[in-house]
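Engineer: A predicted structure for the sequence below; I have some questions about it.
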Amino acid sequence: MKHSIFILLIGLLFCSGNVFAEAGGARSQCTEANLAGSGRYYKTCVPSGYSGTAMPLIVVLHGCSQTAADIEFETEMTLFAESRNFIVLYPEQLVTENTSSCWNWFLPEHQARGAGEPADIMAMMDVVRATYNIDDRQIFITGISAGGAMSVIMAALYPDVFAAMGVAAGLEFKAGENVVEGVTAQVIGGPDPDQQGTLVYQTMGALAQRIPVMVFHGSLDNTVNPVNGRQIAQQWTQTNDWIDDGLDNDSVDYVADVVENGQAENGGRNFTRSVYYDANGVSLVEHYVVENMTHRWSGGAEGGTYTDPTGPKSSELMIDFFFANARGVPTAVGLGSVEAVDGRALILFVLWSATSLVALHVGVSYLRRSC
């Protein structure tokens, strides 16, 4: 939804230009800008069908040695934005912040709400939300490699914003907290994922909300060891186990409810899909292992540096997963759906909602001051 005039005025401080992306003859309009303060570049693409009606927003984060333009081309998200009617945001890392253009997911100053790179990404999103009518129930994030690791951090820090998340060749929350730990995690995996899952729940605090997650990883990834994909899935089953009823009781567990083998279309790569249900039997975490794929975006565009067009179409699968997990009216922990609660529960729900709104107002105020 439209945010305050304050945020809109920030947008007016940006340097911008327009480019276009086509899908089936229709053209998405893409605006390039630089964030006031940090100067960080980003690109926003809006489908030609946008008429002011609220649309979903998908944030896509590039990997190391990539740019916003690279990840746009490789994931083909702008083309899907045109055909599926959503707005897409491509933030870009500054070379001055990381000489390899990696998001600094492994440094503590970029692992906290309202600080560092997460704050800049949120500031970009605030401008997009002030400029266009965004459906706040349908805001999602995804990324590859360092961008995948940063997507995990963003979902953990802003569970009140993101309804679901996708990760390609990424790492779990705080897989490293310095350069050495970060490199080590890429090679052999991060800390115990149950421990990290609990840490995410503690980090979320009063803002904790269910986060559905879809993970893709190549079985031959020698840049980010495939164990990291398993750790992401396990970490988020643990986090969601805590979130659904406030208890670590395996109401969501890391025992796959469905394991199926498949093959990408046109004789493409084989893959294994593991699905982890919530307590109601609804898909909550999905993990794809793509056989013989290296460090790539599965099913991405031909000619991409980090794509494997023969893998399952991860962009399309993520979009379907995201839209199936649009966030409804928030419910208090343990109360179930709003329609199902009795009178006492409804009173508790109203009190909980009011408290959350106050907390959100304070959080947004802090974010604006810190940016």
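Structural biologist: Now that the structure is in, tell me what you want to look at. Residues are numbered from 1 along each chain as shown.
Engineer: got the residue ranges for the helices in the chain?
Structural biologist: 5-12, 68-75, 77-84, 116-131, 146-157, 179-188, 193-204, 227-245, 314-324, 343-370 (DSSP state H).
Engineer: and of those helices, who's closest to Asn280?
Structural biologist: helix 227-245 (9.0 Å; Cβ to Cβ). C-betas here are computed from N, CA, C, even on glycine.
Engineer: pLDDT averaged over the closest one - what is it?
Structural biologist: Averaged over helix 227-245, pLDDT sits at 97.
Engineer: now do stretch 75-91, average pLDDT.
Structural biologist: 97.
Engineer: same thing with stretch 295-314?
Structural biologist: The model assigns stretch 295-314 a mean pLDDT of 97.
Engineer: start at 16 instead
Structural biologist: Yep, numbering from 16; the last one is stretch 310-329 now.
Engineer: which positions within that stretch qualify as buried?
Structural biologist: 310-315, 319, 321-329 (16 or more other Cβ atoms under 10 Å).
Engineer: also stretch 295-303?
Structural biologist: Buried residues in stretch 295-303 (16+ other Cβ under 10 Å): 298-303.
Engineer: hmm, back to that, and the helices of the chain as TSV, adding distance to Ala183?
Structural biologist: As requested, the helices of the chain are arranged in TSV below (distance: least, Cβ to Cβ, whole Å):
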stretch	distance to Ala183
helix 20-27	30
helix 83-90	9
helix 92-99	12
helix 131-146	17
helix 161-172	5
helix 194-203	14
helix 208-219	18
helix 242-260	9
helix 329-339	6
helix 358-385	27
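Engineer: out of the ones you listed, deepest packed?
Structural biologist: helix 161-172 (a mean of 29; mean count of other Cβ atoms under 10 Å).
Engineer: bridged to Thr157, which residues?
Structural biologist: Beta-bridge partners of Thr157, counted by DSSP bridges, are Val75, Gly181.
Engineer: hmm, I was thinking of Ile102
Structural biologist: Beta-bridge partners, per DSSP bridges, of Ile102: Leu72.
Engineer: show the contacting residues for it.
Structural biologist: 59-62, 65, 70-73, 96, 143, 147, 149 (Cβ atoms under 8 Å, 6 or more residues apart in numbering).
Engineer: if we go to 7 Å?
Structural biologist: Residues in contact with Ile102 (Cβ atoms under 7 Å, 6 or more residues apart in numbering) are 59, 61, 70, 72, 96, 143, 147, 149.
Engineer: and Glu91, by the same measure?
Structural biologist: Residues counted as contacts of Glu91 (Cβ under 7 Å, 6+ apart) are 315-316, 330.
Engineer: hang on, Pro324 packs against Gly315?
Structural biologist: Yes. Look at Pro324 against Gly315 with Cβ atoms under 7 Å: they come within range, at 6.3 Å.
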